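**Student:** got a predicted structure plus its sequence, pasted below:
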Amino acid sequence: MPSYFRSHRQQQLLLLAFFIPFAIMLVLFIDQQLTPFGNRNLLFSDVGTQYNVFLTSLRHDILQHNFSQYSYSLGLGSNTLPTYAYYLMSPLNILVVFFPPSQMPTAIAWLIVLKISLSGLTMAYFLSASPLQYKKNPPLLLFSTAYALSSWVASVYYTLMWLDALLLLPLVCAGLDRLIQRHTSKLYFISLLAIIITNYYLGYMACLFAVIYFVYQLSFQYCTSEGSSSFLKRQKKLILHFILTSLLAALSSMFILLPSILGMLATDKAIFKWSNYNLMPTFGPESLNQLGLGANNYSSRLSHGPALFSGSCIFLLIIAFFLNKRVDIADKKRTAAVLLTLFLGMWVNCFNTIWHLFQHPAGFPFRNALFFTFFAVYIAYRSVQYVPRNSLTVFQKRITLCIPLTGLFIGFIWKSILNERFSKILAHASILTGKNWLYFSLSIGFYILSWFFLFKLPLKKADTLLIGLTCIELMLNFTLSMVGTPFGNQHNYVSNYCAKQHQLANLKHNNCARSYGRTVVRDTSFRNAYHEKYNYYNDALLFHYYGISFYSSTLNKEERQTLEALGYLSVNPRRISFVGGTELTRSLLSIQNELKLSNTSSQLKVNPTFFGVGAAVPAGILKLKLPQYQALKNQERILQNFAPSSEPYFKHVKLLKIHDGVKSSAGKYRHELTLKTTADGPLYYYSQDAAADLNTLQVNKSSKKPPVDNRGQRMICSLGNFHKNQIVHLSVATNSLHWDNAQQLRVLNTIQFDKAMNQMYEQHFHLQKISSHALSGKVTGTAGKKSLLLSIPYEKGWHAYVNHRSVKIQKGLGGFIVMPIAKGKNYVELNYRSPGFISGIFLSGIGLLLYIATLFYEQRYSY
């Protein structure tokens, strides 16, 4: 009977551990008027550009039973498994099928609430099952809530793919406790496998932490009377059990891990930089402000100190742990060693890079702060069990308060004043703002109240008040972290999504859009659903059409660099945009349609020189190189290869007058040019040295600024179509005092270009069948054109057959598929298999079988 009441009470505590964060998140979302409680949504940062799109696509794939290893909607086309592995492997994502696609922001909000609430539940389970506790139960809900709503969570809550690690980490450590105490590995194996599969990035960090935590807990088995060698010999079977189970969990995840690794090696993330491995500190004393409220918000998301705050009570209890005479000295040393190890993993640049999978994080720094937070909450939980109110002297209790207050004061002063330039202290120091004073004062107040509740109030009252105070404190900190967040407009998103979906559906049924062809969509109406600038990056995936743009950490490096070398905009290694194209690239990349959408109308432009997915070309295409930052020259080289001509296709213009202006307040020099065109056709501008401010670009006093934010990066700008000998007035600001050769103006000779495209069309690839992982068709080869160029990115997963014989796929123009064909008619087939997928399934099967064998060993042979 007593065991029933204990289990019943534990169930109640676990339910409360779930519902307290759940209720707090609902209050926060209601306060912020977030969907489904208001008209705001989470369409900002990566949620608006990536997660919302990927989850909408996942919903479509689930309902249409359309899972594939390849998608033509990922940029020009890409392996889907790295994207699935990086963003979409959480089992909770299945809930998106219960929401219409226009309500995906609402689904994301519920997913965030659910994951945070479940992390409170799993943390409570871990703490309640912890072997290092006295018979007296401390206020469990205080610590489960502190973990679930910590500053790390408040800083990255909208990066929902990381929240699975938040809820699974306590289960991994609970499994390790079971492995050490009971020599059973099932929970550890399942939870470690789950954390690797759901997000291998934080799963890798969890594996590092599992080693640290295992060593920490194993050290409690050490007796001072025995030597290290005898201890290791006594624990040899346990250590081998841990290593074997960890390796088998990693091996069992290879079905998704291996193709993901191979895919990520093809991205810019594989680039090695020595600067990421120096021993310099990554932050200074200013990060002590992380001990208090409001240290991070949306504006600081790309650069801030480690988010370690999980409530003032947690820091007070950690200090009390080290001052408490009832805590064994050896226990204090091993705990300090773990905290120092985790701290150095953030503070030393080299160690921080290793923690982040050997890559310096691009924004959202110190992602490994999650593990410091987890261990800090765990130590605070242990500290309560030693009853610090009865074990600490009056002086020690005062020291417990003075240490965090001193650290907080140093951090506040250092960040607010000492980091400012001395000449600007009085005018611009942020210490003078009431906001920072308020945050600092509130932090001090919460520390004093927490200290008073811990050491002065009766124990029964203290527990309840501490839980309530911590909930208020963390709710306030979460609210402050949302300050400045550019939430999206849910009503506008729903109406615009439905309208755009309808317009694109009509396009797909149009006769001119039935064959394979990419579409460029410029939608001005969709922008009013976002308060950040909307750049269309993943629209093709969102609305299921073939496009060009793509924004993802899994973007293929060669594909991005090739498009950039052709003049397309790439603001960083994770993004490629459809802006920057010319008449040639539209045909080369199989762009069939350009659709302009607004609130009231739609305009469809069909590419007259569209020749399909590919064409027969001279074998010299394999030798043609596309140097970076020579976009217009590269396009001239391509055209000369396709259809050699004594006259250039891209002709220089005649500069009649150049007026170099004075330097503006923005540090730019404005240039005004009068020029004459030398052929009928489109006029293009390319700033080879990226010195131009394209937002200032004007042609005949009409703005030609790019439709997306180019962030100072290179791209070809189309200035319009002109007749030969037409006078054009151009104005643009650059970094250079004088107009120089790096600022290139060219006009494409339309008559000459059309002839070249007609030649391409005569031997174009007749596409007969296309699916998500295969395509086939016919092409005619000639003596001068015995290679087939396809507008599909080169990847090792493609396998080609010409006339039913396997041929080797080669890489042309930097990153496109080129294959040999015979003279005459050729039947071409291509099939895609994700590299490493079959091998990964085989390795996962071996891992699972070996683990099942170890389970039999566990049951039969104890140690």
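**Tutor:** Perfect, I can see it now.
**Student:** quick one: stretch 703-712 to chain centroid distance?
**Tutor:** On the basis of Cα atoms, centre = their mean, to the nearest Å, stretch 703-712 sits 24 Å off its chain's mean C-alpha point.
**Student:** what pLDDT, on average, does it get?
**Tutor:** Mean pLDDT, stretch 703-712: 90.
**Student:** please name the nearest non-neighbouring residue to the residue nearest in space to the middle of the chain.
**Tutor:** Nearest residue to the geometric centre of the chain (Cα atoms, centre = their mean): residue 553, 5.8 Å. Nearest non-adjacent residue to residue 553, counting by Cβ to Cβ, 6 or more residues apart in numbering: residue 574, 5.5 Å away. For the C-beta atoms, the positions are set from N, CA and C on the backbone; glycine is no exception.
**Student:** hmm, that neighbour is touching residue 552, no?
**Tutor:** Yes - with contact defined as Cβ atoms under 8 Å, residue 574 reaches residue 552; the gap is 6.3 Å.
**Student:** please identify which of those two sits among more neighbours.
**Tutor:** When residue 574 and residue 552 are compared for neighbours, residue 552 comes out ahead with 25 against 21, by other Cβ atoms under 10 Å.
**Student:** SS state for residue 799?
**Tutor:** Put simply, residue 799 is strand when judged by DSSP: H, G, I helix; E, B strand; the rest coil.
**Student:** surely it meets residue 835?
**Tutor:** No - counting by Cβ under 8 Å, residue 799 does not reach residue 835; the two are 10.9 Å apart.
**Student:** more crowded one of the two?
**Tutor:** For residue 799 versus residue 835, the count of surrounding residues by other Cβ under 10 Å is larger for residue 835: 22 against 15.
**Student:** mind listing what the more buried one touches?
**Tutor:** When contacts are counted by Cβ atoms under 8 Å, 6 or more residues apart in numbering, residue 835 touches 79, 259, 262-263, 795-797.
**Student:** a strand runs through residue 615, doesn't it?
**Tutor:** Yes - the assignment for residue 615 (three-state DSSP) places it in a strand.
**Student:** residue contacts, it?
**Tutor:** Neighbouring residues of residue 615 by Cβ under 8 Å, 6+ apart: 760-761, 763-765, 779, 788-789.
**Student:** now residue 609
**Tutor:** Taking Cβ under 8 Å, 6+ apart, we find residue 609 in contact with 583, 586-587, 753-754, 757, 761.
**Student:** any idea whether residue 675 is helix, strand or coil?
**Tutor:** Under three-state DSSP, residue 675 comes out as strand.
**Student:** CA atoms only: put stretch 20-39 into PDB for me.
**Tutor:** Once non-C-alpha atoms are left out, stretch 20-39 reads as follows in PDB (Å, rounded to 0.1, in the frame of the first residue of the first chain):
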ATOM      1  CA  ILE A  20       3.600  23.900 -15.100                       C
ATOM      2  CA  PRO A  21       5.800  24.700 -18.100                       C
ATOM      3  CA  PHE A  22       2.800  24.100 -20.300                       C
ATOM      4  CA  ALA A  23       0.700  26.700 -18.400                       C
ATOM      5  CA  ILE A  24       3.600  29.100 -18.400                       C
ATOM      6  CA  MET A  25       4.100  28.800 -22.200                       C
ATOM      7  CA  LEU A  26       0.400  29.300 -22.700                       C
ATOM      8  CA  VAL A  27       0.500  32.500 -20.600                       C
ATOM      9  CA  LEU A  28       3.500  33.700 -22.600                       C
ATOM     10  CA  PHE A  29       1.900  33.100 -25.900                       C
ATOM     11  CA  ILE A  30      -1.400  34.700 -24.800                       C
ATOM     12  CA  ASP A  31       0.500  37.700 -23.600                       C
ATOM     13  CA  GLN A  32       2.400  38.000 -26.900                       C
ATOM     14  CA  GLN A  33      -0.900  37.400 -28.800                       C
ATOM     15  CA  LEU A  34       0.700  34.400 -30.600                       C
ATOM     16  CA  THR A  35      -1.400  32.000 -32.600                       C
ATOM     17  CA  PRO A  36      -3.700  30.300 -31.800                       C
ATOM     18  CA  PHE A  37      -4.400  33.000 -29.100                       C
ATOM     19  CA  GLY A  38      -3.900  36.000 -31.300                       C
ATOM     20  CA  ASN A  39      -2.900  37.300 -34.800                       C
END
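**Student:** ramachandran coordinates for residue 831?
**Tutor:** Dihedral pair for residue 831: phi -130, psi 150, per degrees, to the nearest 10.
**Student:** helices of the stretch 751-863 of the chain, start to end?
**Tutor:** 837-860 (DSSP state H, counting those that start in this stretch).
**Student:** quick check, nearest of the contacts of residue 609 to residue 285?
**Tutor:** Nearest to residue 285 out of these is residue 586 (Cβ to Cβ; 54.8 Å).
**Student:** ok, then the element right after the host helix or strand of that closest one?
**Tutor:** Under the criterion of DSSP states H and E, residue 586 resides in helix 583-588. Downstream of helix 583-588, the first helix or strand assigned by DSSP H and E is strand 591-597.
**Student:** show me what that following strand is in contact with.
**Tutor:** 500, 503-504, 507, 512-513, 515, 517-526, 548, 581, 585-586, 602-607, 610.
**Student:** buried subset of these?
**Tutor:** By neighbour count, with 16 or more other Cβ atoms under 10 Å, the contacts of strand 591-597 hold 500, 503-504, 507, 513, 517-523, 525-526, 548, 581, 585-586, 602, 604, 607, 610 as buried.
**Student:** next step: those residues restricted to strands.
**Tutor:** Cross-referencing the buried ones among the contacts of strand 591-597 against strands under DSSP state E gives 518-523, 602, 604.
**Student:** ok so, going back, where does the residue nearest to the centre of the chain land in three-state SS?
**Tutor:** Per three-state DSSP, residue 553 ends up coil.
**Student:** need the contact list for residue 761.
**Tutor:** Contacts for residue 761 (Cβ under 8 Å, 6+ apart) come out as 609, 611, 615.
**Student:** who does the last one form a beta bridge with?
**Tutor:** Note on residue 615: beta-bridge partners by DSSP bridges are residue 764, residue 789.
**Student:** residue 77 versus that one, what's the distance?
**Tutor:** Per Cβ to Cβ, to the nearest Å, residue 615 is found 17 Å from residue 77.
**Student:** most neighbours of all the contacts of residue 615, which one?
**Tutor:** So for those (other Cβ under 10 Å), the most neighbours sit at residue 788, 28 neighbours.
**Student:** ok, it to residue 617 distance?
**Tutor:** Taking Cβ to Cβ as the measure, residue 788 falls 8 Å from residue 617.
**Student:** distance of residue 276 relative to residue 552?
**Tutor:** Residue 276 sits 22 Å away from residue 552, going by Cβ to Cβ.
**Student:** can you check residue 610 too?
**Tutor:** Noted for residue 610: a distance of 27 Å to residue 552, by Cβ to Cβ.
**Student:** apart from its chain neighbours, what residue comes closest to residue 536?
**Tutor:** residue 549 is the one closest to residue 536 (Cβ to Cβ, 6+ apart), at 5.7 Å.
**Student:** list the contacts of the one you found.
**Tutor:** 75, 535-540, 575-578.
**Student:** kindly report the same for residue 93.
**Tutor:** 55, 58, 111.
**Student:** and of the residues you listed, the nearest to residue 814?
**Tutor:** Once Cβ to Cβ is applied, the member of the contacts of residue 93 that ends up nearest residue 814 is residue 58, at 31.1 Å.
**Student:** now do the helix or strand harbouring that closest one: everything it contacts.
**Tutor:** Assessed by DSSP H and E, residue 58 sits inside helix 52-64. Outside helix 52-64, the residues that touch it by Cβ under 8 Å, 6+ apart are 42-43, 66-68, 73, 83, 87-88, 93-94, 96-97, 99, 101, 104-105, 107-108, 538-539, 541-542, 544.
**Student:** before we move on, back to that, quick one: the contacts of residue 549 as TSV, columns for pLDDT, distance to residue 336 and secondary structure too.
**Tutor:** Shown next, in TSV, are those (pLDDT from 0 to 100; distance: Cβ to Cβ, whole Å; DSSP: H, G, I helix; E, B strand; the rest coil):
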residue	pLDDT	distance to residue 336	secondary structure
75	94	49	coil
535	87	48	coil
536	88	51	coil
537	93	46	coil
538	94	46	coil
539	94	52	helix
540	94	52	helix
575	94	43	strand
576	96	48	strand
577	95	50	coil
578	94	54	coil
